[in-house]
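Undergrad: what's the 3D shape of this:
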Amino acid sequence: MTELTDFQRKISAFLPEMELRFQEPMSKHTSFRIGGGAEVMAFPKNKEELARLLKTSALLDCKLSILGAGTNVLAPDEGISGLVICLKDCLDGMQQLDDTHIRCMAGVTMARAAVFAAGLGLAGLEFAHGIPGTIGGGLYMNAGAYGGEMAQVCTAVEVMDRQGNLRKLTREQMEFSYRHSVLEDSGEIVISGEFALTPDSPEQIKARMKELIAKRTASQPLNLPSAGSAFKRPVGGYAAALIDQAGLKGFRVGNAAISDKHAGFAVNLGGATAEEVKSLLSQVSDRVYENSGIRLESEIRIW
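TA: Residues are numbered from 1 along each chain as shown. Modelled structure (predicted):
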């Protein structure tokens, strides 16, 4: 058995009842299927355990990373030092607050939230049905697709700071912008979100979701590991079109490639490394800039 690091011994002593895994492969927890071992990965079961983890990490002064479903993350090949808190199966639950409002916990997937709302006859989350992340990650980065985004329907977000304290932010306090919220600056963690939706026929809502899923399936490389859209939408164009115009569909670096089905996606052809993906994104950004004068910015969170 590999000898434990000093940090692994200390956190085990502080949190003997917590589910902790040592050198847990990040590739098992990211949609890119890339990434080395996390020194310590913790799986809290509720917000009380999350608060204990955050207070302990502050006490031990360790590097801290928060992971949701890992659908927009490129983890390093060499792994992650310190503590990674995985919230994917934590903070679960959804409830209807009144005729038009629902609350979803951060660990709920966007797809589940959309289906829950549809079942209640509430429209507005259809765009989220095909987004493969969680509510927490979606609010953190103001996720969106097909003309919809979280900022349009979110009314309030409960967050926890790195000391374990809770507070509620209004939509205005969230400072939503394109693929951004204030949480990226504050470091606070989403606990739950409240959404204002519109009454509609469940059948019509589900039909719209089915139509969007069909579009996504027909146009996107869902059969290969990726992190969704590789680049943010630039001012003055669309990333996929600019990449295509630069002749980069199918362009590859090692086993990382621009999808030949949708030029906006970087995919793992099998065994790709984080370094290959980073090189791919950098070269594509440079080539598009040379071709169009527009600089593409990565939408993937590179750890």
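Undergrad: residue ranges with poor pLDDT in the stretch 151-300 of the chain?
TA: Residues of the stretch 151-300 of the chain that meet the criterion pLDDT under 70 are absent altogether.
Undergrad: which stretch of helix or strand covers residue 104?
TA: strand 101-105 (DSSP states H and E).
Undergrad: Restricting to C-alpha, output that strand in CSV.
TA: Presented in CSV, the C-alpha positions along strand 101-105 are these (Å, rounded to 0.1, in the frame of the first residue of the first chain):
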residue,chain,number,x,y,z
HIS,A,101,-41.6,28.5,-8.3
ILE,A,102,-39.4,25.4,-7.6
ARG,A,103,-36.2,24.8,-5.6
CYS,A,104,-33.5,22.4,-6.7
MET,A,105,-30.5,21.4,-4.6
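Undergrad: Report the mean confidence score over it.
TA: Strand 101-105 shows a mean pLDDT of 97.
Undergrad: ok now it, how far from the chain's centre?
TA: Put simply, strand 101-105 sits 18 Å off its chain's centre (CA atoms, centre = their mean, to the nearest Å).
Undergrad: now stretch 20-34
TA: 15 Å.
Undergrad: hey, C-alpha coordinates of that stretch in CSV?
TA: Output of stretch 20-34 as CSV, limited to C-alpha atoms (Å, rounded to 0.1, in the frame of the first residue of the first chain):
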residue,chain,number,x,y,z
LEU,A,20,-12.7,10.0,1.8
ARG,A,21,-10.8,8.5,-1.1
PHE,A,22,-7.0,8.9,-1.7
GLN,A,23,-5.5,9.3,-5.1
GLU,A,24,-8.9,8.9,-6.6
PRO,A,25,-8.6,9.2,-10.4
MET,A,26,-10.1,12.4,-11.7
SER,A,27,-10.7,10.6,-15.0
LYS,A,28,-13.5,8.7,-13.2
HIS,A,29,-15.3,12.0,-12.3
THR,A,30,-14.9,14.1,-15.5
SER,A,31,-16.8,13.8,-18.7
PHE,A,32,-13.5,14.1,-20.6
ARG,A,33,-12.3,10.9,-18.9
ILE,A,34,-9.0,12.7,-18.3
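Undergrad: So for it, mean pLDDT?
TA: Computed over stretch 20-34, the average pLDDT equals 96.
Undergrad: Adjust the sequence numbering to begin at 13 for everything that follows.
TA: New numbering, starting at 13: the last item is stretch 32-46.
Undergrad: Isn't residue 118 up against residue 202?
TA: Yes: between residue 118 and residue 202 there is a contact under CB atoms under 8 Å: 4.4 Å. Backbone N, C-alpha and C define where each C-beta goes, glycine included.
Undergrad: Overlap in contacts, these two.
TA: Common neighbours of residue 118 and residue 202 are listed as 147, 148, 151 (criterion: CB atoms under 8 Å, 6 or more residues apart in numbering).
Undergrad: For the second one, give me the pLDDT.
TA: It stands for residue 148. Per the predicted model, pLDDT is 94 at residue 148.
Undergrad: where does it land in three-state SS?
TA: helix (DSSP: H, G, I helix; E, B strand; the rest coil).
Undergrad: picking up where we left off before, pull out the buried residues from the shared contacts of residue 118 and residue 202.
TA: Buried subset of the shared contacts of residue 118 and residue 202 (neighbour count, 16 or more other CB atoms under 10 Å): 147, 148, 151.
Undergrad: What spatial separation is found between the second one and residue 21?
TA: Right, residue 148. 30 Å (CB to CB, to the nearest Å).
Undergrad: What of residue 61?
TA: Taken as CB to CB, the span from residue 61 to residue 21 is 20 Å.
Undergrad: If you count surrounding residues, which of the two has more?
TA: residue 61 (18 against 11; other CB atoms under 10 Å).
Undergrad: quick one: secondary structure of that one?
TA: Once three-state DSSP is applied, residue 61 turns out helix.
Undergrad: hang on, the earlier thing: remind me what the strand holding residue 116 packs against, helices and strands.
TA: strand 106-108, helix 122-131, strand 201-208 (3 or more CB pairs under 8 Å, 6 or more residues apart in numbering; DSSP states H and E).
Undergrad: if we go to 6 Å?
TA: strand 106-108, strand 201-208 (3 or more CB pairs under 6 Å, 6 or more residues apart in numbering; DSSP states H and E).
Undergrad: Give me the buried positions along the helix or strand encompassing residue 228.
TA: Using DSSP H and E, residue 228 sits within helix 214-231. For helix 214-231, the neighbour count (16+ other CB under 10 Å) marks 217, 218, 220, 221, 224, 228 as buried.
Undergrad: Between helix 122-131 and it, find me the angle.
TA: 150 degrees (axes from the mean of the first three to the mean of the last three CA atoms, to 10 degrees).
Undergrad: so how far is helix 214-231 off the chain centroid?
TA: That offset, for helix 214-231, works out to 21 Å (CA atoms, centre = their mean).
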